[in-house]
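# Sequence plus predicted model, see below.
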Amino acid sequence: MFGAGGGTSSYAEIEETDVILMWGSNAREAHPIFFHHVLKGVHNGARLFAIDPRRTSTASWADLWLGIDVGSDIALANAVGRQIIEDGLHRTDFIDAATSGFDAYAETVERYTLERAERITGVPASAIAELATAYATAETAQLCWTLGITEHHNGTENVHALINLALLTGHVGRWGSGLVPIRGQNNVQGGGDMGALPNKLPGFQEVEDDAIRARFESVWEATIPARSGKHISLMNEAMDEGELRCLYVLGENPMQSEADGSAMARRLEGLDFMVAQDIFLTRTAELADVVFPAAGWGETEGTVTSSERRVQRSRKAVDPPGSARDDIDILAGLARALGHDWDDRPAEDHWDELRSLSPMHAGMSYDRLEAEGGLQWPCPDEDHPGTPFLHGRLWDRPLTSTPAAFVATEFVPPVDELDDDYPIRLTTGRRLDSYNTGVQSGKYRSPRRIGGSIDLSATDAANLGVEEGDTVQVISRRGEISAPVRIDPTLRAGLAFMSIHFPDDTDVNQLTIDAWDPKAGTAEFKATAVRVEA
């Protein structure tokens, strides 16, 4: 955000802040290690607000739960912003000195009265006003979100709506106040840092910038395409149109992780050639023409990066089993087979090459990462201590850099509309003891495991005439699956929940819609219209 591809804050800040907003994040189950920091903040006196359609285990720790209707986040955020402005609680000094676009934003949110927002979101007007006052008057505040905000057809606009609130109140660019996008899984931040994005080179440098691209080309001794590539949703379209005929899939299981699973299966089965490189034989790998068994965590040397932008060393403890090999070794061997002179270099050499090309990593030698327990980027040289929080520049007076922009956003409902045929809103998410499509967590037993069920409110279960454990059909506009009923007393009528962890038993992505955010390419996993039949 504001030109940096990571969250603004350190984990320690959430332990010391005054107000914590967990927006679209059940961190207690989906990010349990991070949630320990949240609990320290709560125990130290922070007020916790949970904004979530479900009264989750995270919400059970909150001072106030705002039970928002799925997909109405922009309406709620705009109403909070309007209330802050109306009450005169916005930081005019910060807005005037460090931001742009405030007038257009204020004009947009003026239409989102408390009463209108209550009708759209289902959140009582009094709760919206309480959230607005608490956030605006706090000395420090942390606004955290995750996939409940981004997995929508307008996920980027959702994020802008939250960033607007931080700009409105000056809760960014100083210790204790910031914006915290909690990454969806281990080392997602590191993947982005290393250039695993269609429009970026390592260090979030633009691939379409000729001067930047030339620096990489001189070191890599290769020509880099001058245009951005395709994100996964555009790749799906390219497969549909016959343009994309070959895939190399590393550490992904799109056969079971992508929305509208039936369509994804047709795409993968229709390819001319597919390579899978993974630590398990996933459903995707089963379809591949070639499978490279890769080494896992604890079997390789390297680095990982957390949601607080902290780069840490990962170390080899044991050799990979069988014929599994380090990802770097596999890629280098493949390059040699294709006629290129790639030698076998240790991971540290690759890292030092990265440091020479990515200014924000330049000061992070392996020796420093070992000695200091990791460093937070940007760290431009070996005398730099790392950066605990970002965008302190916004408090420079006079401002000598680009102002942070308000981006006015309008509420648009989910694409998959509710109607008489599909009257229940299904949302998806994670459980504490399981991980993603279950490849890494499904082979062992757990006393905390809740299997592949559909969670219904007691009201909806009674209306359907079903009880706990009964098998029902869950039907969307794209497909249908069978699932056992689990009655969740915290769910409101009209809202259902399914986890993503058990696609072999209850493949929820047979139901989800592949409508996607045109900027980020993320599908709308969180808002599916379904009906449930006994």
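Noted; the coordinates are in hand.
# which SS class is residue 158?
Following DSSP: H, G, I helix; E, B strand; the rest coil, we place residue 158 in the helix state.
# And residue 441, by the same measure?
Applying three-state DSSP: residue 441 is coil.
# residue ranges with poor pLDDT in the chain?
The chain contains residues with pLDDT under 70 at 1-3.
# how does it look with 50?
Counting by pLDDT under 50, not a single residue of the chain qualifies.
# Grab the longest strand from it for me.
The longest strand of the chain (DSSP state E) is strand 480-487.
# Only the buried residues of it, if you could.
Residues of strand 480-487 classed as buried: 481, 483, 484, 485, 486, 487 (neighbour count, 16 or more other CB atoms under 10 Å). In short, each C-beta sits where N, CA and C put it, glycine included.
# Can you spell out which helices and strands pack onto that strand?
Strand 480-487 makes packing contacts with strand 454-456, helix 458-464, strand 471-475 when contacts are defined by 3 or more CB pairs under 8 Å, 6 or more residues apart in numbering; DSSP states H and E.
# if you compare the ones you listed, which one is most tucked away?
For the helices and strands packed on strand 480-487, the largest average neighbour count (mean count of other CB atoms under 10 Å) is found in strand 454-456, namely a mean of 26.
# Give me the helices and strands touching it, please.
So strand 454-456, by 3+ CB pairs under 8 Å, 6+ apart, packs with strand 480-487, strand 495-499.
# quick one: the longest one to chain centroid distance?
When distances are taken as CA atoms, centre = their mean, to the nearest Å, strand 480-487 is centred 27 Å away from the chain's centroid.
# And the helices in the stretch 351-500 of the chain?
366-372, 458-464 (DSSP state H, counting those that start in this stretch).
# My error: substitute the stretch 201-350 of the chain in the last question.
Under DSSP H, counting those that start in this stretch, the stretch 201-350 of the chain gives helices at 210-220, 232-240, 254-257, 261-269, 283-287, 327-337, 347-357.
# Just the residues contacting the shortest one, thanks.
When you say that, I think you mean helix 254-257. With CB atoms under 8 Å, 6 or more residues apart in numbering as the test, helix 254-257 has contacts from 232, 261, 264-265, 268, 282-284, 287, 436-437, 500, 503, 507, 509.
# Report the outermost residue of this structure with respect to its centre.
In the chain, counting by CA atoms, centre = their mean, residue 339 sits farthest out from the average C-alpha position, at 37.9 Å.
# List the backbone torsions phi and psi for that residue.
phi 100, psi 20 (degrees, to the nearest 10).
# where's it relative to residue 244, distance?
24 Å (CB to CB, to the nearest Å).
# Kindly report the same for residue 384.
Where residue 244 is concerned, residue 384 sits at a distance of 42 Å (CB to CB).
# repeat for residue 180
For residue 180, the distance to residue 244 - CB to CB - is 35 Å.
# What residues are bridge-paired with residue 276?
residue 249, residue 291 (DSSP bridges).
# Over to residue 11: give its phi and psi.
According to degrees, to the nearest 10, residue 11 has phi -60, psi -40.
# now swap in residue 451 and tell me
Backbone geometry at residue 451, expressed as degrees, to the nearest 10, gives phi -70, psi -160.
# and it, what does it touch?
484, 502, 505, 506.
# do residue 409 as well
Residue 409 is in contact with 74, 77, 78, 108, 154, 157, 158, 160, 161, 164, counting by CB under 8 Å, 6+ apart.
# Compile those into TSV and extend it with columns for neighbour count and distance to residue 54.
Below are those laid out as TSV (neighbours: other CB atoms under 10 Å; distance: CB to CB, whole Å):
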residue	neighbour count	distance to residue 54
74	25	19
77	30	19
78	27	22
108	18	29
154	27	21
157	21	22
158	24	17
160	20	24
161	27	20
164	27	25
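# nearest to residue 389, of those residues?
Nearest to residue 389 among the contacts of residue 409: residue 164, at 19.3 Å, using CB to CB.
# so that closest one sits in a helix?
Yes - counting by three-state DSSP, residue 164 is part of a helix.
# hang on, it packs against residue 77?
Yes - counting by CB atoms under 8 Å, residue 164 does reach residue 77; the two are 7.0 Å apart.
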